[in-house]
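K.L.:
After the sequence you'll find the predicted model.
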Amino acid sequence: MASTVRRPSRVAKLPPRERILDAAEELFQSEGIRRVGVQAIAEKAETTKMAIYRHFETKDELVAEWMRIVAADYQAAFDRVRTEYPGRPREQILGLARFIAEGLPAVSHRGCPFINTLAELPDRSHPARQVIEKHKAHQTRRLVGMCTEAGLPDPEQAAAEITFVLEGAQVSTQNGSIDQAGDRLMRIVEGIVDRHRPPLGSPRATVD
């Protein structure tokens with residue numbers, strides 16, 4: 001939902017449901033889920049609370065739908081790297097790392113929406129948490145698949161290490177503890193992939 005077009009002119013062209021989601025995203029990111037009420041979202045979206053409840057039964061469902069949109073953006077990144085680097089799993093993995101690295105400046109200002117949401121919603125039965133957990137599990141499966149295709153002998157371990165680095169980089173960027181996080185992230189992920197690759201000439205070795 002990000003755009004370079006000035007918000008008022010862009011939002012005015014959106015259908016009501018998308019306008020509500022756009023307003024909710026901006027408010028949840030800048031002020032937090034708990035602090036933002038439905039009335040504030042209605043005012044930001046230039047609509048009414050009644051209109052919001054016509055599209056979303058509860059505020060919790062609105063939060064969950066926002067998380068589905070964010071998750072879809074991340075899943076689209078997997079699809080893009082597969083298209084950009086067909087048959088080259090190592091480059092696909094590095095492409096995912098680059099997607100995260102390039103998004104770190106936004107994280108430094110607003111924080112990772114997944115991390116922020118999990119921190120605000122401790123109840124694992126909350127629909128938004130369920131969306132996040134399902135997304136993360138699916139993301140891990142896709143990353144393990146890429147590591148398998150890259151011929152890494154322990155793809156689950158490699159995927160776990162890469163995940164720790166990608167998510168840790170976002171937290172470190174958010175709290176400002178590490179400089180040049182994007183460059184460091186890319187070097188670390190590349191090192192993980194190369195360290196896990198079997199020697200050239202071995203039956204499991206692959207060449208991108």
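P.N.:
Received, thanks. Predicted model, so just to flag it, every value in this text is computed and none were measured.
K.L.:
which stretches of this structure form helices?
P.N.:
For the chain, applying DSSP state H gives helices covering 7-11, 16-31, 38-44, 49-55, 59-84, 89-110, 113-120, 127-149, 155-175, 181-196.
K.L.:
Tabulate those (TSV), appending mean neighbour count and mean pLDDT.
P.N.:
Bear in mind the C-beta positions are built from the backbone N, C-alpha and C, glycine included. Below are those laid out as TSV (neighbours: other Cβ atoms under 10 Å; pLDDT from 0 to 100):
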stretch	mean neighbour count	mean pLDDT
helix 7-11	12	48
helix 16-31	19	94
helix 38-44	17	96
helix 49-55	15	95
helix 59-84	17	96
helix 89-110	18	90
helix 113-120	18	92
helix 127-149	18	97
helix 155-175	18	94
helix 181-196	17	94
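K.L.:
Find the nearest non-adjacent residue to the spatially most central residue of the chain, please.
P.N.:
The centre of the chain sits closest to residue 74, judged by Cα atoms, centre = their mean, with a distance of 4.6 Å. In this structure, residue 74 finds its nearest non-sequential neighbour in residue 139, 6.5 Å apart by Cβ to Cβ, 6 or more residues apart in numbering.
K.L.:
Any figure for the gap between that neighbour and residue 116?
P.N.:
18 Å (Cβ to Cβ, to the nearest Å).
K.L.:
swap in residue 14?
P.N.:
In terms of Cβ to Cβ, residue 14 sits 24 Å off from residue 116.
K.L.:
try residue 54
P.N.:
27 Å.
K.L.:
quick one: residue 147 and residue 155 touch, right?
P.N.:
Yes - counting by Cβ atoms under 8 Å, residue 147 touches residue 155, with 3.6 Å between them.
K.L.:
rewinding a little: ok, the residue nearest to residue 74 - contacts?
P.N.:
With contact taken as Cβ atoms under 8 Å, 6 or more residues apart in numbering, residue 139 is in contact with 74, 75, 78, 163.
K.L.:
Throw the residues you listed into JSON lines and include distance to residue 89, thanks.
P.N.:
What follows is the contacts of residue 139, written out as JSON lines (distance: Cβ to Cβ, whole Å):
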{"residue": "74", "distance to residue 89": "18"}
{"residue": "75", "distance to residue 89": "17"}
{"residue": "78", "distance to residue 89": "12"}
{"residue": "163", "distance to residue 89": "16"}
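K.L.:
Just name the closest of those residues to residue 92, please.
P.N.:
residue 78 (8.1 Å; Cβ to Cβ).
K.L.:
pretty sure that closest one is touching residue 141, no?
P.N.:
No - when contacts are counted by Cβ under 8 Å, residue 78 is not listed as touching residue 141 (10.4 Å).
K.L.:
Between the two ends of stretch 30-48, what distance do you get?
P.N.:
21 Å (Cα to Cα, to the nearest Å).
K.L.:
Quick one: mean pLDDT over stretch 197-208.
P.N.:
For stretch 197-208, the mean per-residue pLDDT is 57.
K.L.:
contacting residues around stretch 55-71?
P.N.:
1, 16-17, 20-21, 24-25, 28, 33, 37-38, 41, 52, 113-114, 117, 121, 126-128, 130-132, 135.
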